[in-house]
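K.L.:
what shape does this take:
(one chain, ligands or ions: 1)
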Amino acid sequence: MDLTVIGYWGAYPDKNEATSGYLLEHKGSKILLDCGSGVLSKLQNYTTLEELDAVVITHLHADHMADVYSLEFATLISMQLGRRLKPLEVYVYYKDSNRLDFSYPQYVNVHQVTPQSVVTIGELTLEFSENIHEVPCCAVKVTSGEGKSLVYSGDTGYCQKIIDFSWGVDVLVLESSFYSWQKELNQGHLTAGEAGQIAAIAQPGRLILTHLPHYGDHQQLVLEASVHYNGEIQLAYCGMRLTI
Ligand SMILES: Nc1ccn([C@@H]2O[C@@H]3COP(=O)(O)O[C@H]3[C@H]2O)c(=O)n1
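P.N.:
Alright, predicted model coming up:
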């Protein structure tokens, strides 16, 4: 499967950039993991919107889902023009009344996912794990028919579940919202050091740090993670592509 990073900023998009968005492609299937602010514009450098089969929303924070409402309108228009033949499948992790509120539900099939859900899209299998965050939030594991696997963390504080869920995956796309000196700032996010600690136990083939802060030197995040994890560490960037 092929991964393209569409956006990697936490909180809000930097100039001409995007917040969380990751395109996965495998044998004609196209899945977008998160659809934060700025993602829809950047995404069209890599695929037409009509070709998207599904979107997974890890949680209902704007930097992970703001553009999904614009994607709903794009789907409506492309279906009315006959360019798209089927509604968009939207998989979203939420609890209780906290949910997506689409205006044209005939163009978007919304599925609530839980840690028990197993979703198949083409030859890709998706599984979910609950994180520690301010609002209900999941990590997503995608496994190809060939047995290759990726975990995208969404947003999470340090917890055993994300370690167990990520164990031995080929690629771990892990949030790294804070520098280590900010450790006590927010329980629902990781410092780079904590990201390194998770990777040190989970032992992914490759670690990609994402959901990055708007200040400081991002190379410092790599250094802080590498104190704990001695495998390959890369910073996410818009247009980063890798084949898994
Ligand atoms: N103390 C805080 C709290 C939050 N944040 C950022 O704001 C974002 C809100 O949505 P999120 O997806 O939880 O990610 C948060 C941090 O990037 C931050 O940078 N510092």
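K.L.:
tell me if stretch 165-179 is near the ligand.
P.N.:
Yes. Using C-beta under 6 Å from any ligand atom, a contact is recorded between stretch 165-179 and the ligand, made by residue 177. Every residue, glycine included, has its C-beta placed from N, CA and C.
K.L.:
was I right about residue 89 contacting residue 56?
P.N.:
No. Applying C-beta atoms under 8 Å as the test, residue 89 and residue 56 come out as separate, 9.3 Å apart.
K.L.:
pLDDT weak spots in this protein?
P.N.:
97 (pLDDT under 70).
K.L.:
where along it do the strands fall?
P.N.:
2-7, 21-26, 29-33, 54-57, 88-92, 108-112, 118-121, 124-130, 138-144, 149-152, 171-175, 206-210, 233-235, 241-243 (DSSP state E).
K.L.:
ok so, going back, pick out whichever of residue 89 and residue 56 has more residues nearby.
P.N.:
residue 56 (28 against 17; other C-beta atoms under 10 Å).
K.L.:
the residue in the chain positioned nearest to the ligand - how many residues pack around it?
P.N.:
Proximity of the chain to the ligand (C-beta to the nearest ligand atom) peaks at residue 10, 2.9 Å away. Neighbours of residue 10 under the rule other C-beta under 10 Å: 22.
K.L.:
residue 237 now?
P.N.:
Residues near residue 237, counting by other C-beta under 10 Å, number 14.
K.L.:
what sits against the residue of the chain closest to the ligand?
P.N.:
19, 20, 63, 175, 177, 189, 211, 212, 213, 214 (C-beta atoms under 8 Å, 6 or more residues apart in numbering).
K.L.:
gap between the second one and residue 37?
P.N.:
Counting by C-beta to C-beta, to the nearest Å, the separation of residue 20 from residue 37 is 9 Å.
K.L.:
spatially central residue for this structure, please.
P.N.:
residue 33 (4.3 Å; C-alpha atoms, centre = their mean).
K.L.:
who in this structure is up against the ligand?
P.N.:
So the chain meets the ligand at 10, 11, 61, 63, 64, 134, 155, 177, 185, 186 (C-beta under 6 Å from any ligand atom).
K.L.:
rerun at 5 Å
P.N.:
10, 11, 61, 63, 155, 185, 186 (C-beta under 5 Å from any ligand atom).
K.L.:
give me the buried subset of those residues.
P.N.:
If you count burial by 16 or more other C-beta atoms under 10 Å, the buried members of those come out as 10, 11, 61, 63, 155.
K.L.:
my read: the third one touches residue 131, true?
P.N.:
In other words, residue 61. No. Residue 61 lies out of contact with residue 131 (C-beta under 8 Å); the separation is 11.9 Å.
K.L.:
shared neighbours, the two?
P.N.:
What both residue 61 and residue 131 touch, as defined by C-beta under 8 Å, 6+ apart, is the set 137, 155.
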